[in-house]
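J.: Let me see the structure of the following:
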Amino acid sequence: MPEQNTPGSLLVGCAGWSLGSKDFAAFPAEGSHLERYAAVFPSVEINSSFYRPHKPETYARWAASVPEHFRFAVKVPRAITHDARLRDVDALLDRFEGEAGMLGDKLGCLLVQLPPRFGFDDVLAHAFFGQVRERFGCSIAFEARHASWFSESATATLRECGIVRVIADPAAGQPGEHEPTSDTHVYVRLHGAPRIYYSAYPGDEIARWRSRIDREVTAGRTVWCIFDNTAEGAAVPNALELMEHEVGPSGDRGAVESAGPNVTAPSE
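T.: Numbering: from 1, shown residues only. Below you'll find the predicted structure:
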């Protein structure tokens, strides 16, 4: 298993590690849900941190439950992004760092998601992302949902701050094609379409996303692909299906025999 921090890695996962009974056959029979999940997937996005804090010892226990190659993405609390709206958040960030920081090297990314009506503010963005950088050494993914965050000036700010603009589906607030803000990292959040959080992606859509992702990985970028269509249990089977697709020597698309954790796309 290649080190997941290195360029050219693909980290497929779900927003949470709950396993439905219909998915059990794809995972080991023994262990906690997280242990079984992490035996197959190389990453997970913790969304519950957005709604409520978790104790430092809880994060430490989660980190101890997964293999060395496994990586967590953690969603920044709504108390910071939605309630305080990124202002005067030093104390809140200190608390969050004291909690999520217990993941240690297994903390691979922070996810910052803003409310749909939260418009671009250059000064605020520089200040906030600087505060986050002071506390966390991992990558930072950013999902804005107001059109102003997709302007040229916002794109420049995100690049200056070293922030990864999320590729979201559906892409709320985005007026045109995705414009990346990082040359080294990609973060994809698949929320489900047409019904957000509920809809499963059909096979042809999974193949299309895998083709797009493979191009990024082959270019040497670290790619997170998180399925957030969890409301009716579509995320796990969709993530497994995406892991099963890879490009063969001729460039044709086929399926591997196993959905095991080694999902690094070619350049192998």
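J.: what pLDDT does Ala200 get?
T.: pLDDT, Ala200: 98.
J.: no, scratch that, I was asking about Pro261
T.: 32.
J.: next one: the one 3 residues further on
T.: In this model, Thr264 is scored at 30, pLDDT.
J.: what does His245 give?
T.: Reported pLDDT for His245: 78.
J.: Also the one 4 residues further on?
T.: Pro249 is assigned a predicted lDDT (pLDDT) of 36.
J.: Likewise for Ser9?
T.: 93.
J.: Could you count how many residues lie near it?
T.: Residues lying near Ser9 (other CB atoms under 10 Å) number 25. All C-beta spots, glycine's among them, are computed from the backbone N, C-alpha and C.
J.: burial measure for the residue lying closest to it once chain neighbours are set aside, as a count.
T.: Closest residue to Ser9 apart from its sequence neighbours, by CB to CB, 6 or more residues apart in numbering: Thr222 at 4.9 Å. Look at Thr222: counted by other CB under 10 Å, it has 24 neighbours.
J.: again with the one 5 residues further on
T.: Look at Phe227: counted by other CB under 10 Å, it has 29 neighbours.
J.: Quick check on it: phi, psi?
T.: phi -90, psi 120 (degrees, to the nearest 10).
J.: Hmm, Asp94 is touching Arg135, no?
T.: Yes - using CB atoms under 8 Å, Asp94 is in contact with Arg135, at 7.4 Å.
J.: Looking at those two, which one has more neighbours?
T.: The neighbour count for Asp94 versus Arg135, taken as other CB under 10 Å, is higher for Arg135 (15 against 12).
J.: what helix or strand is the closest residue in space to that one that isn't next to it in sequence on?
T.: Distance criterion CB to CB, 6+ apart; nearest residue to Arg135, sequence neighbours excluded, is Glu97 at 4.2 Å. Element membership for Glu97, per DSSP states H and E: helix 90-100.
J.: Which parts of the stretch 101-250 of the chain are strands?
T.: With DSSP state E, counting those that start in this stretch as the criterion, the stretch 101-250 of the chain has strands at 107-113, 139-143, 164-165, 167-169, 185-190, 222-227, 245-247.
J.: Regarding this protein, what is its longest helix?
T.: helix 203-218 (DSSP state H).
J.: now for it, which elements pack on it?
T.: Here helix 203-218 touches strand 185-190, strand 222-227, helix 235-244, strand 245-247, strand 253-255, going by 3 or more CB pairs under 8 Å, 6 or more residues apart in numbering; DSSP states H and E.
J.: sorry, back to before: which other helices and strands contact the helix holding Glu97?
T.: helix 48-51, helix 56-64, helix 122-135.
J.: follow-up on the earlier one: the residue nearest to Arg135 and Val217, how far apart?
T.: 30 Å (CB to CB, to the nearest Å).
J.: Compare the two (neighbour count), which wins?
T.: Counted by other CB under 10 Å, Glu97 and Val217 do not tie: Val217 has more neighbours, with 23 against 14.
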